[in-house]
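*Asks:* Need the 3D shape of this:
(chains A and B)
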Amino acid sequence: MTYLKYIGKRLLLLIPVIVGITFVLYFIMALSPGNPAQLILGADATAEQIQALEEEMGLNDPIIVQYLNYMLGVIRGDFGTSWVSGYNVLGEFILRIPNTLLIAVLATVGAVALGIPMGIYSAVKQYSLFDYGGMVVAMLLFSVPAFWLGIMCQILFCLILGWLPAAGDESLRYFILPSIVLGANTFASMIRMARTSMLDVIKQDYIRTARAKGAPERRVIMRHGVRNGLIPVITQIGISFAGAVGGAIVTETIFAINGVGMLLLNAVKSRDIPVVMGTVIFVAAIVGIINLVVDLICAKVDPRIDLAS
Amino acid sequence: MSKRNAKSTAPHERSAWGLILFRFQKNKLAMLGVVILAAMALVILLAPLYVSYDRVSALDVLNKFVTPCKEFPFGTDELGRDLFARVIYGGRISLFGGIATIVIAFSIGCIIGGAAGYFGGKVDTVLMRMIDMLMAIPSALLAMAIITALGNGIWKLIIALAISEIPRFARVVRASILTLRNQEYVEAAKCYGSSSLQIIMRHILPNGIGPIIVSATLMLGQTIISISSMGFLGLGVESPTPEWGTIISENKINIRYYPHLGLIPGACIMLAVMAVNFIGDGLRDAFDPRTKN
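*Replies:* Numbers count the residues shown, from 1 in each chain, chains lettered A, B, ... in the order given. Next up is the predicted model:
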């Protein structure tokens, strides 16, 4: 019951955040130069046509009225239509979000599944060859821009070696390389975080106690060490996932995956404001829910965390 | 023990800042980072002395796809443009644009986080709700949304990225100030009538600046990547303006056959980011030796 209450409270708290962010964005965008009616009708529209459409779209109303109308629509699930394609924003988003979530989830899960054990092992075998190797790999992956890594991997694995398809989103095979590229940064931060966190824990008194009472080394590390060391790492997973959703813009562009990132990039380039607004709102909601899930997992792993407070 | 002798050997006789500097200088990777970054900055700043800006866009169809040689140290691209000139002048945006972004985000983040942390109460609640709001969106998305509104341009890109980074700075500064606000020496300063500004500038900032500088350095690396990523996507800076990301973007299809077109600008980004990260890690260990393992 406390869980349900907590989840409800957190979801309710998401509403003012989204209202606030739409408010700020709407005003910045409304004040930006460029005439939407002109954009929709194209270069050869007459002045009367533009005026008529401006009237119809309510562009002559004060900005605050326009914003309220927009939000009334949002509450009813109507995010407007694209100024460029004329399609429904919600429909466009729903069509593309599975691709984006797929690469973001694959990237994060892969990075976590590989990075955390590597980080823990590095910490347990501190100053070993494995430890130094892991640190160098993490440092390199942390410093390499995803778009560069993406292009280089594409050339090597798709064009030269021909192991994987270079572009598109037809089957799961197409998502392998994009996920690896997108997950590289998360992988690096997982190794580093898990290592640092474990090194901290290993020095604690309760680890010495566990060893002193004769617990096998494996149990000391897995039961006493990992469980305590992982809390900050789990929090980092949530942050990394949000980063992966943002980073998907670059990955989708390189590998021609028709996802939300591509939708947003094209909308930004053509100043298609309803699409930009809609995308940002949806992504903020998704990230908010992911963070909630992460906090719930943290509470599950660490009983000291009290959700009620 | 003579005074001269003590000064040169014993770290416990140094001032707090001297001790931090001492620990930083002993960190080989961090010093390597300083050397790399300083060298890159000098090469970029002094560019007009040895290669004219005209070379950036001068077309030379007879010399296209030249691999690195004596005349063209970095080779040329498909239009015969000198890649050396483009990479060197591109660094102005990629590297110094990154620094400008951090300076802006740092200053505003310090003001917001400082006010929230020091005054607490309603000020804190209002400011932090705003910060939470901005944090709800991945920073790449936020920057793109702001660019939609502002349009393209180097300074507009810098502003967009700075806004998307302010929340993290504000968080770090606030956390740092919250731990110091109730220290005895701050109470003492209040008692003998120091103003809020004096207390913040004189007593709180010098003691809390460590973690803030560390996160600023580590974020500089990510910002250099962000700027070049935006350039790669064609946002903010557009080809033919040279920038490490736009250079890679405009040569994307030819990199397979002429690897220098991708490897050189890519190496510049990696080198700069790695140098900054080394410095950041070194500063973290210098400010807080307990974290060093």
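*Asks:* these two touch, right, B:A41 and B:R92?
*Replies:* No. With contact defined as CB atoms under 8 Å, B:A41 does not count as touching B:R92 (10.3 Å). From N, CA and C alone the C-beta is placed, and that goes for glycine too.
*Asks:* Could you see whether chain B lies near the lowest-mean-pLDDT helix or strand in chain A?
*Replies:* Least confident helix or strand of chain A, by mean pLDDT, DSSP states H and E, is helix A:36-41 with a mean of 74. No. Counting by CB under 8 Å from any CB of the partner chain, chain B is not contacted by helix A:36-41; separation bottoms out at 12.3 Å.
*Asks:* Outside of that helix itself, list whatever touches it.
*Replies:* A:45, A:49-51, A:53-54, A:57, A:59, A:83-84, A:270-271, A:273 (CB atoms under 8 Å, 6 or more residues apart in numbering or on different chains).
*Asks:* switch the cut-off to 7 Å
*Replies:* For helix A:36-41, contacts defined as CB atoms under 7 Å, 6 or more residues apart in numbering or on different chains pick out A:45, A:49-50, A:53-54, A:57, A:59, A:83, A:271.
*Asks:* From A:R223, how far off is A:A113?
*Replies:* A:A113 sits 20 Å away from A:R223, taking CB to CB, to the nearest Å as the criterion.
*Asks:* cool, A:V89 as well?
*Replies:* A:V89 sits 49 Å away from A:R223, going by CB to CB.
*Asks:* so B:G208 touches B:A175, yeah?
*Replies:* No. If you go by CB atoms under 7 Å, B:G208 and B:A175 don't touch, sitting 9.0 Å apart.
*Asks:* of the two, who's got more company?
*Replies:* Between B:G208 and B:A175, counted using other CB atoms under 10 Å in any protein chain shown, the more crowded position is B:G208 (21 against 14).
*Asks:* Next up, the contacts around the more buried one.
*Replies:* By CB under 7 Å, 6+ apart, the neighbours of B:G208 are B:176-177, B:180.
*Asks:* And for B:A105?
*Replies:* Going by CB under 7 Å, 6+ apart, the list of residues near B:A105 reads B:162, B:165-166, B:169.
*Asks:* and it, helix, strand or coil?
*Replies:* helix (DSSP: H, G, I helix; E, B strand; the rest coil).
*Asks:* I'd like the distance between it and chain A.
*Replies:* Using CB to the nearest CB, to the nearest Å, B:A105 is found at 17 Å from chain A.
*Asks:* For the spatially closest residue to A:L106 that is not a sequence neighbour, grab the count of nearby residues.
*Replies:* Leaving out its chain neighbours, the residue that sits closest to A:L106 by CB to CB, 6 or more residues apart in numbering or on different chains is A:S179, at 3.8 Å. By other CB under 10 Å, 23 other residues sit near A:S179.
*Asks:* any idea how far the helix or strand harbouring A:S179 is from the chain center?
*Replies:* Using DSSP states H and E, the element containing A:S179 is helix A:173-202. Its chain's average C-alpha position is 15 Å from that of helix A:173-202, according to CA atoms, centre = their mean, to the nearest Å.
*Asks:* now do stretch B:78-85
*Replies:* Centroid separation between stretch B:78-85 and its chain, computed with CA atoms, centre = their mean, is 27 Å.
*Asks:* So which bits of the stretch 201-309 of chain A are right by chain B?
*Replies:* A:242-243, A:245-247, A:249-250, A:253, A:264-265, A:268-269, A:271, A:273, A:276, A:280, A:283-284, A:287-288 (CB under 7 Å from any CB of the partner chain).
*Asks:* Show only the entries of these found in strands.
*Replies:* Using DSSP state E, no member of those falls in strands.
*Asks:* returning to what we had before: correct me if wrong: the residue nearest to A:L106 contacts A:A104.
*Replies:* No. Contact status for A:S179 versus A:A104: not in contact, 8.4 Å apart, counting by CB under 7 Å.
*Asks:* For B:S2, report the pLDDT, please.
*Replies:* In this model, B:S2 is scored at 45, pLDDT.
*Asks:* Show me what the helix or strand hosting B:I264 is packed against.
*Replies:* Using DSSP H and E, B:I264 maps to helix B:260-287. Judged by 3 or more CB pairs under 7 Å, 6 or more residues apart in numbering or on different chains; DSSP states H and E, helix B:260-287 is in contact with helix A:129-143, helix A:146-153, helix B:16-26, helix B:28-45, helix B:83-91, helix B:205-233, helix B:244-251.
*Asks:* Residue ranges in chain B under the pLDDT threshold?
*Replies:* Where chain B drops to pLDDT under 70, the residues are B:1-13, B:289-293.
*Asks:* Pull up the residues of it that are close to chain A.
*Replies:* B:132-133, B:136-141, B:144-150, B:221, B:225, B:228-229, B:232-235, B:248, B:252, B:255-256, B:262, B:266, B:269-270, B:273-274, B:277, B:293.
*Asks:* Mark which of the residues you listed are buried, thanks.
*Replies:* In the residues of chain B next to chain A, burial by neighbour count holds for B:132-133, B:136-141, B:144-150, B:221, B:225, B:228-229, B:232-235, B:248, B:252, B:255-256, B:262, B:266, B:269-270, B:273-274, B:277, counting by 16 or more other CB atoms under 10 Å in any protein chain shown.
*Asks:* Which single residue of chain A ends up nearest chain B?
*Replies:* When scored by CB to the nearest CB, chain A has A:G246 as its residue closest to chain B, at 3.1 Å.
*Asks:* Tell me how far that residue lies from B:I93.
*Replies:* A:G246 sits 21 Å away from B:I93, going by CB to CB.
*Asks:* May I ask which helix or strand encompasses B:V172?
*Replies:* Element membership of B:V172 [criterion: DSSP H and E] is helix B:154-181.
*Asks:* Quick check: which helices or strands does that helix pack against?
*Replies:* helix B:97-119, helix B:121-135, helix B:139-150, helix B:205-233.
*Asks:* rerun that using 10 Å as the cut-off
*Replies:* Helices and strands touching helix B:154-181, by 3 or more CB pairs under 10 Å, 6 or more residues apart in numbering or on different chains; DSSP states H and E, are helix B:97-119, helix B:121-135, helix B:139-150, helix B:184-191, helix B:205-233.
*Asks:* Out of these, which one sits most buried?
*Replies:* Stretch with highest mean neighbour count among these: helix B:139-150 (a mean of 25; mean count of other CB atoms under 10 Å in any protein chain shown).
*Asks:* So which elements touch that helix?
*Replies:* Using 3+ CB pairs under 10 Å, 6+ apart, helix B:139-150 sits against helix A:2-31, helix A:231-255, helix A:260-269, helix A:273-301, helix B:154-181, helix B:205-233.
*Asks:* And the ones you listed: which comes nearest B:V61?
*Replies:* Nearest to B:V61, of all the helices and strands packed on helix B:139-150, is helix B:205-233, at 25.1 Å by CB to CB.
*Asks:* Kindly reformat the contacts of B:A105 as a markdown table and extend each row with neighbour count.
*Replies:* Putting those into a markdown table (neighbours: other CB atoms under 10 Å in any protein chain shown) gives the following:
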| residue | neighbour count |
| --- | --- |
| B:A162 | 23 |
| B:E165 | 26 |
| B:I166 | 25 |
| B:F169 | 25 |
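*Asks:* low pLDDT regions in chain A?
*Replies:* In the predicted model of chain A, residues A:1, A:33-34, A:308-309 satisfy pLDDT under 70.
*Asks:* Relative to A:Y121, how far out is the nearest residue to A:I202 once chain neighbours are set aside?
*Replies:* With CB to CB, 6+ apart as the criterion, A:I202 has its nearest non-adjacent residue at 6.0 Å, and that residue is A:G225. A:G225 sits 12 Å away from A:Y121, taking CB to CB as the criterion.
*Asks:* These two: which has the busier surroundings?
*Replies:* A:G225 (24 against 18).
*Asks:* So A:Q126, which state does it fall into?
*Replies:* Look at A:Q126: counting by three-state DSSP, its state is coil.
*Asks:* pretty sure B:L235 is in a strand, no?
*Replies:* No. Under three-state DSSP, B:L235 sits outside any strand and is assigned coil.
*Asks:* Quick check: chain neighbours aside, which residue is closest to it?
*Replies:* B:I147 (5.3 Å).
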